[in-house]
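1. here is my input, please return the structure:
(2 chains)
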Amino acid sequence: MSRINDLLSKPLEVVNIGIDMFREDLNEQDVKVAQVNFLPPADGDLEVLNALDYLDTPGIREKVEAANKEAVERIVNSHPVLIGYEKAIDVIPGMTPNMIIHAGPPIEWKDMCGAMKGAVTGAIVFEGLAKDIAEAEEVAASGKIVFSPCHEHDTVGSMAGVTSPSMYVHVVKNKTYGNISYTNLSEQLSKILRMGANDQSVIDRLVWMRDVFGPILKEAMEIAGEIDLKLMLSQAIHMGDECHNRNVAGTTLLIQALTPHIVKTSFSEKDKVDVFNFVASSDYFSGPTWMALCKNAMDAAHGIEYSTIVTTMCRNGVEFGVRVSGMEGNTWFTGPAQKVIGPLFAGFKPEDSGLDIGDSAITETYGIGGFAMSAALAIVSLVGGTVSDAISYTKKMGEITTAENPNVTIPILNFRGIPTGIDIRKVLETGMLPVINTAIAHKDAGVGMIGAGITNPPMDCFKKAALDLAARVSVLENQA
Amino acid sequence: MATKTTLKKNTYFDSVSLMALTAKANRIEGIRQVNIAMGTSMNKDVLKNVGLYSPEVEAAKPGDLMIVIESEEGMDMDDLLQKVEEAMVRKTEEGGTQDVRYSSLEAAVKDHKEAGIAVVSVPGAYAARVARKALNQGLNVMIFSDNVPLEEEIALKKEAHEKGLLVMGPDCGTSIINGKGLCFANVVRKGRIGVVAASGTGAQEVSVRVHDFGGGISNLIGTGGRDLSKEVGGIMMLDGIRALQEDPATDVIILVSKPPAKEVANRIYTEVAKSVKPVIICFIGGNQEEIEASGAVYAKTTKQAALKAVVLSGVPEESINKHALNLPLVEEIKAKLSPEQKYIRGLFCGGTICEEVASLIRESFDDVYTNIAKDPTYRLDNGSDSRAHTLIDFGDDGFTQGRPHPMIDPTLRLDRFLKEARDPEVGVIVIDMILGYGSHRDPVEVTLSAIREAKRIAAEEGRHLEILAFVLGTELDPQDLDSQVEKLTNEGVTIASSSENTGLLARGFVTREVLQ
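-> So this is what the prediction gives:
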């Protein structure tokens, strides 16, 4: 009875869930009210609601919480370091001479979007498997090329993410947990393979990257040994990057770390100068590096039974794919890729846009990118929105995540750690989807990047994940 | 005629605000139809059904706001959209902290560790889930939502009882906690009288009468309308009584409800028998013998309960204006009605007011029908025409599905008002105007045109139509009580000073015998 009597005798303070008017009336009586915006959980889907309620059963809920705690620990304690640059065929698990890996969940050639087809055909020409784009299309459709998601090969790829055997990739090792992750190199400009462009200039650049850029970086890293990425990430965030679309600080820090070693390599002065100029031509150079860091940490957190933490968010321009820690291996939860809303370069209209594409959403999965927009207020000039939107995104993402990462902090929010460990339960309960900052590619092959903006995954992915996870937990509970 | 859909990403409005906004926007000239709703699957289906679905609607997320405008011929769509957006501008808050909105209860509680209660007003299908989360966070709960399944109410109240927490509701519209009114509550003096009520407007009326008679309310605990059913067993009524027993601010306790199930009444009597503090029981039409046998004070009506409580709380009886029935007025009105005008028609926003008025009329007449009668012989369906004496509770679940409660939107009963005015057998139409927090800010104003039209119809057909209004409120309420009353008396409306008096006057006006 004392709790009720406490209520009756203490000054009233209320949490109001629902009608706003009640809050207003209480405020008029000088009562403090916390207002909760209510949306039907799981968007009203009863089956999913039942799955959520099942995961909330006493006994099971504690196991889920414990599993999530462990997943978050693995994310936070991961220590990714750059240990080298190598050719894809030499290091990527499962890579074969006739394989092309791509961004997003699994997809067949015939279903690929324009930008990805553009990238694939360009890569086929680059690998010498066809003499021109027209022939490359036939080769792609012939069945001779094996397509597979980057993610299923410990790799991530930005935009189309097309990675072929001869391309150089970052090699990033997790010093805490031992796993290794890979991603290809930035092509730096906007008319590039990863954006679906595939004319001769694109091919020529890829050739230079294979023959000069990659090898110089490889040799530089052999001299350097390793470069710590965890600390560098924190520094970049403090300097105003969100490390997905805004990479100016990260690129500066990374090239600064590489430069003494590049200088010491055996290549000509011209080659070295070309490399420095290439990196300077675009801020994006460190973009893929952070993607590899995030992949490295998230893979370490994947495969923990009972965990509802999202370990992968990725898109192939047609579908959005999610993986959840508690569903080990390559179980994909997919839904339609969404529109990206944001400012476009001059001359382009919203109808020209391709849908959301790329593995770069691994950055948001880790807690940077869109989740760290409050650290990178200047991003609003690229993706649209206002400064106060940018700040509030980080706070809002706090409601669908599990913890803060104490190693990567945001100064303007009193050094609050980035929101870490997206929990599918919270996404479904609140109706709030993770926010993603991303570039927009033209929907047709051959054109390239046309703008940047903000988007979300479809709720379908989280609903499917909840259903499968509840079923899996049910099996585990009955085995116990 | 064109249709345009605009999305406001990540912009949230609650369901009641959206209903009000949509209504406001639909009155903009040049708009044929406008729909403003959150991008949930359910709302998208609604748009599909009215032919307003589009790719933009499909792309909307649950957290986005959809504005779908169908314009008249030759209208400038951008101009219309701008007008709609102007109508949507929120009042700016003074005092910063109110800008924070949470998407989850857990996040809100984390920042507000001193919170003692959660008020839940979400769709009934989800209310129990939200309430359970609140209980798990150690909060007492007030569930304003109705249409919550019975099994869920029982499970919640059992859990709350075990945890030593209150669950007020479901369908609990009124409470007053430590002097502050929650949801629909009148502003009343703080005092020594505690109330446990299984009815919203019954609670409001008791609190207002207590104030009017010079007393004050310490705490008013609502239990929701189903608490005293056999299935729920009065769990919260009993816990409420115990809490008030232990409440140092309470000296006298009033219980208000419609007659409970027999077993539940017995449990209440057992609990009351243990009571050290005086307990006054008003079970609208309850059993006087049983009530007095338990040691409680019997009150036939809410007015009587308030009066007895105020006297027991120490206010000198001689100082109280008891608003005795104005017998000369009754005779005066009777004289104006023709013999054919035999019937009372009551159109109520308040369920318990309706119930109490009906029970008083039943003391004089057999043929009294309501849409909330327990006895099926005398129960009318919500759509049916009136017969003989008919009283309708427009706040009943059947009327409120998908619409705001009539206390928020009193326009629901206006059509019926005119219908009754045209019936030559009607002698008096009774309406309630409920003031206080949560209610419409000027319920009389929105009813005036109907009152005038009704009087005009009757006058044209050569008869007097008596309109009897009961304004439930105090001089402290946000609405201006005096001006509400004045607007009515200016239209020739007779004012009743309490729910009890409303019943006595109404039946008096149509009773053939002379009242003593």
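2. for the closest residue to chain A within chain B, which non-adjacent residue is closest in space?
-> As assessed by CB to the nearest CB, chain A sits closest to B:S121 within chain B, at 3.3 Å. (C-beta placed from N, C-alpha, C; glycine too.) Closest residue in space to B:S121, ignoring its immediate chain neighbours: A:G18 at 3.3 Å, by CB to CB, 6 or more residues apart in numbering or on different chains.
3. the one you found reaches B:D14, doesn't it?
-> Yes: with contact defined as CB atoms under 8 Å, A:G18 reaches B:D14; the gap is 6.1 Å.
4. buried residues in the lengthiest helix in chain B, which are they?
-> In chain B, with assignment by DSSP state H, the single longest helix is helix B:443-460. Neighbour counts over helix B:443-460 (16 or more other CB atoms under 10 Å in any protein chain shown) mark B:P443, B:V444, B:T447, B:A450, B:I451, B:A454, B:K455, B:I457, B:A458 as buried.
5. identify the nearest residue to the fifth one in space, disregarding sequence-adjacent positions?
-> Yep, that's B:I451 we're talking about. In space, B:I451 is closest to B:E491, 5.1 Å off (CB to CB, 6+ apart).
6. number of residues surrounding that neighbour?
-> 15 (other CB atoms under 10 Å in any protein chain shown).
7. kindly report the same for A:S142.
-> Number of residues near A:S142 (other CB under 10 Å) recorded here: 9.
8. who touches B:L21 in this structure?
-> By CB atoms under 8 Å, 6 or more residues apart in numbering or on different chains, the residues touching B:L21 are B:F13, B:I36, B:A87, B:M88.
9. just the buried ones from these?
-> B:F13, B:I36, B:A87, B:M88.
10. in the chain, which helix or strand is least confident?
-> Went with chain A since none was named. helix A:380-383 (a mean of 75; mean pLDDT, DSSP states H and E).
11. looking at chain B here, not the other one
-> helix B:397-400 (a mean of 74).
12. returning to what we had before: distance check, the residue of chain B closest to chain A against A:N437.
-> Distance, B:S121 to A:N437, using CB to CB, to the nearest Å: 35 Å.
13. who's more crowded, the two?
-> More neighbours surround A:N437 than the other of B:S121 and A:N437, with 32 against 25 (other CB under 10 Å).
14. state the number of residues packed around the residue nearest to B:S121.
-> For A:G18, the count of nearby residues is 26 (other CB under 10 Å).
15. from B:Y378, how far off is the residue nearest to the spatial centre of chain B?
-> Closest residue to the average C-alpha location of chain B: B:G350 at 4.7 Å, with CA atoms, centre = their mean. Taking CB to CB as the measure, B:G350 and B:Y378 are separated by 19 Å.
16. same check, this time on A:M167
-> A:M167 is 84 Å from B:Y378, by CB to CB.
17. compare these two (neighbour count), which wins?
-> Per other CB under 10 Å, whichever of A:M167 and B:Y378 has more neighbours is A:M167, with 24 against 18.
18. related to what we said a few turns ago, remind me what the next helix or strand after the least confident helix or strand of chain A packs against, helices and strands.
-> Per DSSP states H and E, helix A:380-383 leads on to helix A:387-397 as the next helix or strand towards the C-terminus. Identification of packing neighbours for helix A:387-397 by 3 or more CB pairs under 8 Å, 6 or more residues apart in numbering or on different chains; DSSP states H and E yields helix A:380-383, strand A:416-422.
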